[in-house]
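In: Show me the folded form of this:
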Amino acid sequence: MSFLDDRKALTREKRLSALSHFHGTLEGLIDETSGTEIKQRIRTFSQIHVDETIYAFDVLSKIEDLVIIVNGSIGCSALGIAQDEEEGFTWFSTNLVERDTILGGDDKLREAILRANEEKHPKAIFILGTPVVAINNDDINSVILELEDEIGIPIISIYTDGFKSKTPVTGYDIVTHSLLKYLVDKNVDLKEDFINVISFSENIEDVASIAGILHELNIKFQVLPRFSSIEEIRKASKARATVVLNPEEGDYLAKELEEVFGVPYIESEAPIGFRGTKNFLLKLGSFLNIEEQVVAYIDEAEAKISEQFVSNILEDKRVFVDASLSKVYGYGRLLTNLGGQVVGFSSPFVDLDNRKQLKRFDFLQKNAIAIIGNGQQFEKANELEKNHIDIFFSENVGNSYVTDEGAVVVSTKNRVTYGFEGVDVIIASIRRALRLQGKNGNVSSYKDSFKRRSGNWYVKQEVS
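Out: Sure thing, here's the model as predicted:
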């Protein structure tokens, strides 16, 4: 049965038993996530984290031809400030105040919708939920029904509230659910000659790297939902097939396109490193019946990489990987091939779907550090100092605390990591980072008394 029969998407905790609080070893994590359900843990103290509202806003802000209305207090709209550099991106706020939380903010929502339509002439309007509206329970659907026919474009509610889920990737699921339910064309009798490439968190550099490969192989494609248009989203049901760049983010969209609209899902790993990219392309080539062309392309790319590949660049270096679970394998395998010793990893969550990745971590010892959590820099700092980490390889921002613990950061922010080009860029980034090693003052952000505690000091078993 399709999830689209539900009014809104379930949280990852309810749908896939997602765990976002764990601090221990790889062996302990595998054991704890091996049942039909995953036992939940809690953090008695949380330093910093993002929520599903931020994730939903981020992906919507990368779609053309739409306007976002943040339905909440003006403070909730602050998350749009970081996107202001995006050309053509527009967001409005209903600016709900204390009176509106008691008497309702319907009038302000109507005003925001009409103003957005008049000023920007979008092809769709998305109303993003916030904790304020989740608490006062405004009847958003009545406003949508009242105005949708009047202005003649889709008005879509995104049911985020900011506190029901500890797994922010739920925000991607909520957006996916709304796009499939209210935008994607239900008439799927005629398929067209292109594939869907699903991207949620990838930067433009990574998307461009994969797009360049597909162009060279003469594969027609469209990227969804990030960097797409409303019309491209509508056409998603007409594609020959779907591939996903990060499975733990895009599986929901790909599986529903297959189940509801009959678009085959070509399952593969993230195209990271030589082997990950090769596997990604071979799966695609097999489905499209262009295996010979893909193999010839891979052979040529392998020859170019071999000329620059230095297998001992990370010799005697202890490495920690900070990335989504579906990417840890690709990064860890590449860093091991470069001579590094990967001693641990941190990821935002593990659930019934992505836990299969843990069995692939053969580059790690059973007692390797495993931190599952959204943010929680203090826990990572604790392990960095105790385990004398040399390299902190991270796809996340806000890593200044790492250098305070004596490690150097290799950041993937705004850098290519996907495809064969990504291999060269990662190696170049490591070279630059190694030149900085030992040049910081190593003044820790945390007191010695904290770092003498065990890393899992604040992570407790949930009591039912």
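
In: now residue 415: how far from residue 40?
Out: Computed as C-beta to C-beta, to the nearest Å, the residue 415 to residue 40 distance reads 35 Å. In short, each C-beta sits where N, CA and C put it, glycine included.

In: for residue 239, same thing?
Out: Counting by C-beta to C-beta - residue 239 and residue 40 are separated by 37 Å.

In: Of the two, give the one with the bigger neighbour count.
Out: Set residue 239 next to residue 40 and count neighbours by other C-beta atoms under 10 Å: residue 239 wins out with 24 against 17.

In: where does that one land on pLDDT?
Out: On pLDDT, residue 239 comes in at 97.

In: That one contacts residue 197, doesn't it?
Out: No - using C-beta atoms under 8 Å, residue 239 makes no contact with residue 197, being 9.5 Å away.

In: Would you agree residue 133 is in contact with residue 100?
Out: No - Residue 133 is beyond contact range of residue 100, at 9.6 Å (criterion: C-beta under 8 Å).

In: quick one, which of these two is more surrounded?
Out: When residue 133 and residue 100 are compared for neighbours, residue 133 comes out ahead with 29 against 21, by other C-beta under 10 Å.

In: which element is that one on?
Out: According to DSSP states H and E, residue 133 maps onto helix 131-136.

In: Now do that helix: everything it contacts.
Out: By C-beta atoms under 8 Å, 6 or more residues apart in numbering, the residues outside helix 131-136 that reach it are 71-73, 76, 96, 100-102, 104-105, 140, 161-164.

In: How about the contacts made by residue 436?
Out: Neighbouring residues of residue 436 by C-beta under 8 Å, 6+ apart: residue 408.

In: oh, I was asking about residue 266
Out: With C-beta under 8 Å, 6+ apart, residue 266 has these contacts: 195, 241-243, 283-284, 287.

In: Apart from its chain neighbours, what residue comes closest to residue 161?
Out: Closest residue in space to residue 161, ignoring its immediate chain neighbours: residue 134 at 3.4 Å, by C-beta to C-beta, 6 or more residues apart in numbering.

In: I'd like to know how many residues surround the one you found.
Out: When neighbours are counted by other C-beta under 10 Å, residue 134 registers 18.

In: Which pLDDT value belongs to it?
Out: 76.

In: Show me where the stretch 351-464 of the chain dips below the pLDDT cut-off.
Out: 438-447, 449-452, 455, 457, 461-464 (pLDDT under 70).

In: residue ranges of the helices in it, please?
Out: Assigned by DSSP state H, counting those that start in this stretch, the helices in the stretch 351-464 of the chain fall at 377-386, 400-404, 419-436, 448-451.

In: Mind checking the ones you listed for the one nearest to residue 44?
Out: Nearest to residue 44, of all those, is helix 377-386, at 12.4 Å by C-beta to C-beta.

In: Find residues that contact each of residue 133 and residue 100.
Out: In contact with both residue 133 and residue 100: no residue, using C-beta under 8 Å, 6+ apart.

In: quick one, helices of the stretch 201-350 of the chain?
Out: Under DSSP H, counting those that start in this stretch, the stretch 201-350 of the chain gives helices at 204-216, 230-234, 247-261, 273-288, 291-308, 325-337.

In: ok so, going back, which of the helices of the stretch 351-464 of the chain is buried the deepest?
Out: Compared across the helices of the stretch 351-464 of the chain, helix 377-386 shows the largest average neighbour count, a mean of 21 (mean count of other C-beta atoms under 10 Å).

In: Can you name every helix or strand that that helix contacts?
Out: strand 318-322, strand 341-347, strand 369-372, helix 400-404, helix 448-451 (3 or more C-beta pairs under 8 Å, 6 or more residues apart in numbering; DSSP states H and E).

In: Swap in 10 Å and give it another go.
Out: strand 22-25, strand 318-322, strand 341-347, strand 369-372, strand 391-394, helix 400-404, helix 448-451 (3 or more C-beta pairs under 10 Å, 6 or more residues apart in numbering; DSSP states H and E).

In: what angle sits between that helix and strand 341-347?
Out: Helix 377-386 runs at 170 degrees relative to strand 341-347, counting by axes from the mean of the first three to the mean of the last three C-alpha atoms, to 10 degrees.

In: and for residue 239 and residue 197, which residues touch both?
Out: Common contacts of residue 239 and residue 197, defined by C-beta atoms under 10 Å, 6 or more residues apart in numbering, comprise 221-222, 224.

In: what's the weakest-modelled helix or strand in this protein?
Out: Among the helices and strands of the chain, helix 448-451 carries the lowest confidence by mean pLDDT, DSSP states H and E, at a mean of 68.

In: give the contact list for the residue nearest to residue 275 when sequence neighbours are not counted.
Out: With sequence-adjacent residues excluded and distances taken as C-beta to C-beta, 6+ apart, residue 275 is closest to residue 333, at 6.7 Å. Counting by C-beta under 10 Å, 6+ apart, residue 333 touches 272-276, 342, 360-363.

In: swap in residue 244?
Out: Applying C-beta under 10 Å, 6+ apart to residue 244 gives the contacts 196-200, 250-255, 265-270, 280, 326.

In: With adjacent residues omitted, what lies nearest to it?
Out: Among residues not flanking residue 244 along the chain, residue 250 sits closest, at 3.7 Å (C-beta to C-beta, 6+ apart).

In: For the one you found, give me its contacts.
Out: Neighbour list for residue 250: 172, 176, 196-202, 224-226, 242-244, 265, 326 [criterion: C-beta under 10 Å, 6+ apart].

In: mind redoing it with 7 Å?
Out: Counting by C-beta atoms under 7 Å, 6 or more residues apart in numbering, residue 250 touches 198, 200, 244.

In: can you list the domain ranges for this structure.
Out: Following automatic domain parsing, one gets these domains for the chain: 52-164, 309-460.

In: Out of those domains, which is closest to residue 261?
Out: The closest of those to residue 261 is domain 52-164. By C-beta to C-beta, the value is 17.8 Å.

In: how distant is that closest one from the center of its chain?
Out: 22 Å (C-alpha atoms, centre = their mean, to the nearest Å).

In: Which residues are in contact with the most centrally placed residue in the chain?
Out: Centroid-nearest residue in the chain, with C-alpha atoms, centre = their mean: residue 201, separated by 4.2 Å. By C-beta under 7 Å, 6+ apart, the contact set of residue 201 is 246, 249.

In: That'll do, ta.
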